[in-house]
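Peer 1: Structure for this input, please:
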Amino acid sequence: KSLEKDYEVEKIKKKTLQTKLTSIVKLRELVEPYETPSKIPHNFLKDYVVWRRTKNWDKSKHKNNPKPPTNRTINKELQDIQSWVRWCIGEKFIGSYLMRDIEVKYQKIDNKKTHEKNPSFTYEDWMKLVTYMRTWVKTEVTLRGNEKKNMFYRKVTRLLILILGNVGLRLHEALALTWRDVEVITKKGIGKKTGKPFTRYGVRIQVPPDTKTGAREVICQGGQYFIQLKELYKEKLGHFPKPDDPLFMNAGTLTSKKDDFFGKPLSGSFFRRLWYELREEMSELKGIYFERAYTLHSCRAWFINEKLSAGVKPAIVGEIVGHTLKVMQTYYKKIEVRSHTDELIKVRFRNLQENDFEIYDFDNGDVLV
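Peer 2: Predicted coordinates for the structure are as follows:
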């Protein structure tokens, strides 16, 4: 309740609230045997790692993430638990002064041995993904031979992935957007070589303040996917979404007569379930296996890497994605140095244009809209 109150007065952000509440759930299960804070022994966290990875871990319930929590996850939970201990002391619960001696031992992390978290898509894997998604949103039978329900949300998921990959937003930032926060902008011109008219679609996004890095303005490419998303909801609802409607909104289901969540934002866990389905179908039906552990957040890493590879200045990319210049320089160092000829680069960029990734919206570091 205290955390929720902090969120209401904007002392903490929604993402922080959600992660801390998850840690509190673990803590509640751990301290359940103790009647009061004063009866919690100072070394009650001594076997936390073992408890978390055995008694508090059921592999059968984590089909898409079958490995126990990592050291980083456990350290984050321990950090939140330590914050709870300090809160108890600050609130001066009876006997809580005895909690000052509680020992919190963090796990050592060797960055050289850890796997990359949310790795960026490779060029080849991105092409495979966007190509198969066109089939996925039309395939109406599951791997088990059952009829797929709510195909509408698979189409929404495809557009979410394309938007994340073309705009570089964090997942929770995209899900927090309303249509009032988005302005699609166009640029018309005549091709220098072809002489034919063209239209490019950009987008101006006002990222809400209650996200990880706070409010910021994003001007980027990919406006056509927002147009497609609005048209998709119009077809589903019978009218265009209203300005204050979430971009990714619950529009009802085929099976529920009464949907209490209608009109509310779809959750990250909802899209992750569909992401797992997409990935499973790619492997089972097409034999497409990804060596890297891609997540929806990998779309953001892909966006950053491709823009840096295209020659966009780290400072410009950092402004778009909400990273400091120091973080962007770290990203820049990780970018594979490519020795393509100019012609190969042009072919690569043309292929990306044809496969749902815009690359030509920048000119000398400035966004063209």
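Peer 1: Who are the contact partners of the nearest residue to V317 once chain neighbours are set aside?
Peer 2: Spatial nearest neighbour of V317, chain neighbours left out: K307 (4.8 Å); criterion: CB to CB, 6 or more residues apart in numbering. Where you see a C-beta, it was placed from the backbone N, CA and C, and this is true even at glycine. For K307, the contact set (CB atoms under 8 Å, 6 or more residues apart in numbering) comprises 168, 316-317, 320, 362.
Peer 1: Which strands or helices does the lengthiest helix in the chain pack on?
Peer 2: The helix that spans the most residues within the chain, counting by DSSP state H, is helix 71-91. If you count contacts as 3 or more CB pairs under 8 Å, 6 or more residues apart in numbering; DSSP states H and E, helix 71-91 packs onto helix 14-31, helix 48-53.
Peer 1: What's the mean pLDDT across it?
Peer 2: Here helix 71-91 scores 89 as its mean pLDDT.
Peer 1: Buried by neighbour count: which residues of that helix qualify?
Peer 2: 74-78, 80-81, 84-85, 88-89 (16 or more other CB atoms under 10 Å).
Peer 1: what angle do that helix and helix 14-31 make?
Peer 2: 80 degrees (axes from the mean of the first three to the mean of the last three CA atoms, to 10 degrees).
Peer 1: Could you identify the helix or strand that succeeds helix 71-91?
Peer 2: helix 123-136 (DSSP states H and E).
Peer 1: what's the next secondary structure element after that following helix?
Peer 2: As assigned by DSSP H and E, the chain's next helix or strand after helix 123-136 is helix 151-167.
Peer 1: Packing partners of the lengthiest strand in the chain?
Peer 2: Assignment by DSSP state E gives strand 197-207 as the longest strand of the chain. On a contact count with 3+ CB pairs under 8 Å, 6+ apart, strand 197-207 meets strand 182-190, strand 216-221, helix 223-237.
Peer 1: what residues does stretch 128-142 touch?
Peer 2: Contacts of stretch 128-142 (CB under 8 Å, 6+ apart): 121, 147-148, 151, 154-155, 158, 161-162, 278, 281-282, 286, 288, 355-357.
Peer 1: got the contact list for I227?
Peer 2: Taking CB under 8 Å, 6+ apart as the test, what I227 contacts is 184, 201.
Peer 1: Check the gap between it and L169 for me.
Peer 2: Counting by CB to CB, to the nearest Å, the separation of I227 from L169 is 17 Å.
Peer 1: do M249 as well
Peer 2: From M249 over to L169 (counting by CB to CB), the distance is 17 Å.
Peer 1: Looking at those two, which has the bigger crowd around it?
Peer 2: L169 (26 against 22; other CB atoms under 10 Å).
Peer 1: you'd agree the more buried one is up against V207?
Peer 2: Yes. Counting by CB atoms under 8 Å, V207 is a contact partner of L169 at 7.2 Å.
Peer 1: returning to that earlier point: I'd like the helices and strands packed on strand 197-207 as CSV, with mean pLDDT appended.
Peer 2: Converted to CSV, the helices and strands packed on strand 197-207 look like this (pLDDT from 0 to 100):
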stretch, mean pLDDT
strand 182-190, 86
strand 216-221, 85
helix 223-237, 94
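Peer 1: Out of those, which gets nearest to T70?
Peer 2: strand 216-221 (29.6 Å; CB to CB).
Peer 1: Please point out which parts of the closest one sit buried.
Peer 2: Neighbour-count burial for strand 216-221 [16+ other CB under 10 Å]: 216, 218-221.
Peer 1: in its sheet, what does that strand sit against?
Peer 2: In the sheet, strand 216-221 lines up against strand 197-207 (antiparallel) (DSSP bridges).
Peer 1: got the angle between the strand it pairs with and helix 151-167?
Peer 2: Using the same axes, to 10 degrees: strand 197-207 against helix 151-167 is 90 degrees.
Peer 1: still on that earlier bit, which of the contacts of stretch 128-142 are buried, as a PyMOL select command?
Peer 2: In PyMOL syntax, the buried subset of the contacts of stretch 128-142 is picked out as below (16+ other CB under 10 Å):
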select buried, resi 121+154+155+158+161+162+278+281+282+356+357
